[in-house]
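Novice: Please work out how this folds:
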Amino acid sequence: MLPWEPSGFGQAFPLALLSTVCWGSWSNASKTADKLKVPFPFVSSRRHSERLVPHARRTLTASPPCAAHRLAPAAAHRLTPAAAHRLAPAAAHPRPRRVAVQFYFEYALSLFLTSVFFLQTVGGGHITAVGACLPVGSGSCTSIAFSGAKVAAALGAGVVFNVANLLLVVAFTLAGLAVAFPLVIGTALVVGTSTTYAIDPTGRPALLFSGVLLALLAVLASARSHQLLEAHRAADEGGKRGGEGAEEALVGPGGGGGEEASSSSSGGGGRSRNVVALCVAAGVLMGTWSPLVAYAQQGGAGQLTPYGEFLFFSLAALLTTPPLLMLQQADVLIPRTGPRIALSASACWGTAPGFGWGAVGGFVWSTGTLANAVAGNEIGFALSYALGQSAPMVGVLWGLLYYGEYDGAPPSSRRALGAMFALYAGAIALMAVGGS
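Specialist: Numbering: from 1, shown residues only. Here you go, the predicted structure:
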């Protein structure tokens, strides 16, 4: 069976829009898992840690006396604090929850399994372009004309994506979905579309990049809307709680301007700048894997099909997940936002509440990414990628209509939000005309 490909702009353009929906929706799996107490890897906040402490104290109070209590009084008094800590019930010093790493391992494995599924079904088993190889598993695939450069590009794209995605995960925790998604995707939109067009100059550049400009303005409008919303909530909270409450809202619990600090305060300015820098770095990397994918699928010897390219892409993402998470635990390259967690088989897999949501998120993202790559062969990779990176519009829609993230927003915030939707609509229309 030959790999399925869209026949003309009429099929390819809706396929690119499907990637917009998937890329804007996959993170809902993480939000659902978080409600079930299965957070993204290593993003347990201070509030989460503080929630564990009262539970530990209640368990300790209700537990039978520990080994230290069963010792003779004189011996018990001679125990060092460290020894008493080791003899205390486990709930007194709870280990980091193993489910804290479960989501992303499920997500990475799901990427690879989904790529295999689509390769063997709609992809017809073809890793390289038709004529270079017969379907995998037919027993006839004896001369696979792989190009080392094309395979390396697909593998490199998977590595770059995984680093960018983990940075995005951290940005979700530090800045929230409504801030992190537009900042990261806005940067990725400009970087990715420009570099991809340099690799595959398809379409009318004037209309394409005019659409990209409108999309970038939409990102700024979204950020402005969220800024106005946060300022309104901070002022409202300060009015209710008085001077002391307002100070706590601005500086954060403990007066240290720490993890909970608002970016609107002068004490939180450094933290806010760091979060913005983190989002921009993730966006640059997120925009870098697209030209690598375009190169891997371009014509020539050893050209990969979209299904073969995504197989190598997802394999690289899966294999680099453990070392990247280790680096994150060491606070190297990727910031660690929660307690240190020892990686182990039991920490990465289990049947805790929320089990499987990482796989759901991976499947949704993989479907969108493969749709984007397949559409790119027909309408141009730069246009397909730019359409996919309109995903913040979908993400904000989820936050607005389902999660209630804009409940109580002032009129100015809602006007900025309306401008964002109008700008995105104009961007998509311009890009559509430019690609047709």
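
Novice: Going by C-alpha atoms from here, please, whenever you check contacts or count neighbours.
Specialist: Noted.

Novice: Excluding covalently adjacent residues, which one is nearest to residue 333?
Specialist: Nearest residue to residue 333, sequence neighbours excluded (Cα to Cα, 6 or more residues apart in numbering): residue 327, at 6.7 Å.

Novice: For residue 187, see how far away the one you found is.
Specialist: Distance, residue 327 to residue 187, by Cα to Cα, to the nearest Å: 24 Å.

Novice: Of those two, which one has the most company?
Specialist: residue 187 (22 against 15; other Cα atoms under 10 Å).

Novice: hmm, back to that, quick one, grab the pLDDT at the residue nearest to residue 333.
Specialist: Looking at residue 327, its pLDDT is 84.

Novice: Can you verify it is assigned to a helix?
Specialist: Yes - counting by DSSP: H, G, I helix; E, B strand; the rest coil, residue 327 is part of a helix.

Novice: thought it was touching residue 320?
Specialist: No - the pair residue 327 / residue 320 is not scored as a contact, 10.7 Å apart, by Cα atoms under 8 Å.

Novice: can you tell me the helix or strand for residue 234?
Specialist: helix 205-251 (DSSP states H and E).

Novice: Which strands and helices lie in contact with that helix?
Specialist: helix 177-199, helix 411-435 (3 or more Cα pairs under 8 Å, 6 or more residues apart in numbering; DSSP states H and E).

Novice: looking only at pLDDT, what's the mean for the first one?
Specialist: Going back to what we said before, that points to helix 177-199. On average, helix 177-199 scores 83.

Novice: Tell me the buried residues in that helix?
Specialist: The neighbour-count check on helix 177-199 (16 or more other Cα atoms under 10 Å) flags 177-197, 199 as buried.

Novice: Same question for stretch 300-307.
Specialist: Neighbour counts over stretch 300-307 (16+ other Cα under 10 Å) mark 302, 303, 304, 305, 306, 307 as buried.

Novice: How about stretch 294-301?
Specialist: Buried, per 16+ other Cα under 10 Å, within stretch 294-301: 294, 295, 296, 297, 298.

Novice: tell me the contacts of the second one?
Specialist: What that stands for is residue 295. Applying Cα atoms under 8 Å, 6 or more residues apart in numbering, we find residue 295 in contact with 150, 153, 199, 200.

Novice: got it, and the third one?
Specialist: Contact criterion Cα under 8 Å, 6+ apart gives 149, 150, 151, 153, 154, 303, 304, 309 as the residues in contact with residue 296.

Novice: In TSV, list those along with secondary structure and pLDDT.
Specialist: Formatted as TSV, the contacts of residue 296 follow (DSSP: H, G, I helix; E, B strand; the rest coil; pLDDT from 0 to 100):
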residue	secondary structure	pLDDT
149	helix	89
150	helix	92
151	helix	93
153	helix	95
154	helix	96
303	coil	87
304	strand	92
309	helix	95
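
Novice: These into a markdown table, with extra columns for distance to residue 356?
Specialist: Conversion of those to a markdown table gives the following (distance: Cα to Cα, whole Å):
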| residue | distance to residue 356 |
| --- | --- |
| 149 | 35 |
| 150 | 33 |
| 151 | 30 |
| 153 | 30 |
| 154 | 27 |
| 303 | 35 |
| 304 | 31 |
| 309 | 26 |
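
Novice: tell me which of those residues is nearest to residue 110?
Specialist: residue 309 (16.2 Å; Cα to Cα).

Novice: Quick check: residue 273 vs residue 186, distance?
Specialist: 17 Å.

Novice: tell me the domain ranges of this protein?
Specialist: 9-44+98-435, 49-95 (automatic domain parsing).

Novice: Comparing these by mean pLDDT, which bottoms out?
Specialist: domain 49-95 (a mean of 39).

Novice: quick revisit: angle of the helix holding residue 234 against helix 411-435?
Specialist: Angle, helix 205-251 to helix 411-435, by axes from the mean of the first three to the mean of the last three Cα atoms, to 10 degrees: 160 degrees.

Novice: Please report how far residue 21 lies from residue 397.
Specialist: Taken as Cα to Cα, the span from residue 21 to residue 397 is 10 Å.

Novice: Those two: who's more crowded?
Specialist: Using other Cα under 10 Å, the more surrounded residue of residue 21 and residue 397 is residue 21, with 21 against 18.

Novice: got a list of what that one touches?
Specialist: Contacts of residue 21 (Cα under 8 Å, 6+ apart): 368, 388, 391, 394.

Novice: repeat that with 10 Å
Specialist: Applying Cα atoms under 10 Å, 6 or more residues apart in numbering, we find residue 21 in contact with 364, 365, 368, 388, 389, 390, 391, 392, 393, 394, 395.

Novice: wait, which of the contacts of residue 295 is closest to residue 287?
Specialist: Using Cα to Cα, these come closest to residue 287 at residue 199, 13.2 Å.

Novice: What values do phi and psi take at the closest residue to residue 301 other than its chain neighbours?
Specialist: In this structure, residue 301 finds its nearest non-sequential neighbour in residue 147, 6.5 Å apart by Cα to Cα, 6+ apart. In terms of degrees, to the nearest 10, the main-chain angles of residue 147 are phi -100, psi 120.

Novice: can you pull the contacts of residue 147?
Specialist: 128, 153, 296, 300, 301, 302, 303, 304.

Novice: Give me the secondary structure label for the closest residue to the second one other than its chain neighbours.
Specialist: Computed as Cα to Cα, 6+ apart, the closest residue to residue 153 that is not its neighbour in sequence is residue 292, at 5.2 Å. Reducing the assignment at residue 292 to three states with three-state DSSP gives helix.

Novice: Kindly report the same for residue 403.
Specialist: Quick answer, by three-state DSSP: residue 403 is coil.

Novice: rewinding a little: between residue 21 and residue 397, what contacts are shared?
Specialist: In contact with both residue 21 and residue 397: residue 391, using Cα under 10 Å, 6+ apart.

Novice: What about the contacts of residue 21, which one has the most neighbours?
Specialist: Neighbour max across the contacts of residue 21 (other Cα under 10 Å) = residue 392, 32 neighbours.

Novice: which secondary structure element contains it?
Specialist: helix 391-401.

Novice: That helix vs helix 177-199, what angle?
Specialist: Interaxial angle, helix 391-401 versus helix 177-199 (the same axes, to 10 degrees): 160 degrees.

Novice: And helix 391-401, what does it pack against?
Specialist: Applying 3 or more Cα pairs under 10 Å, 6 or more residues apart in numbering; DSSP states H and E, one finds that helix 391-401 contacts helix 9-25, helix 28-35, helix 177-199, helix 205-251, helix 411-435.

Novice: C-alpha coordinates for the shortest one, PDB please?
Specialist: Extracted as PDB, the C-alpha positions of helix 28-35 are listed here (Å, rounded to 0.1, in the frame of the first residue of the first chain):
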ATOM      1  CA  ASN A  28      -5.300  19.600  28.400                       C
ATOM      2  CA  ALA A  29      -4.200  16.000  29.300                       C
ATOM      3  CA  SER A  30      -1.600  17.500  31.600                       C
ATOM      4  CA  LYS A  31      -4.200  19.800  33.300                       C
ATOM      5  CA  THR A  32      -6.500  16.800  33.700                       C
ATOM      6  CA  ALA A  33      -3.700  14.700  35.200                       C
ATOM      7  CA  ASP A  34      -2.800  17.600  37.500                       C
ATOM      8  CA  LYS A  35      -6.400  17.700  38.900                       C
END
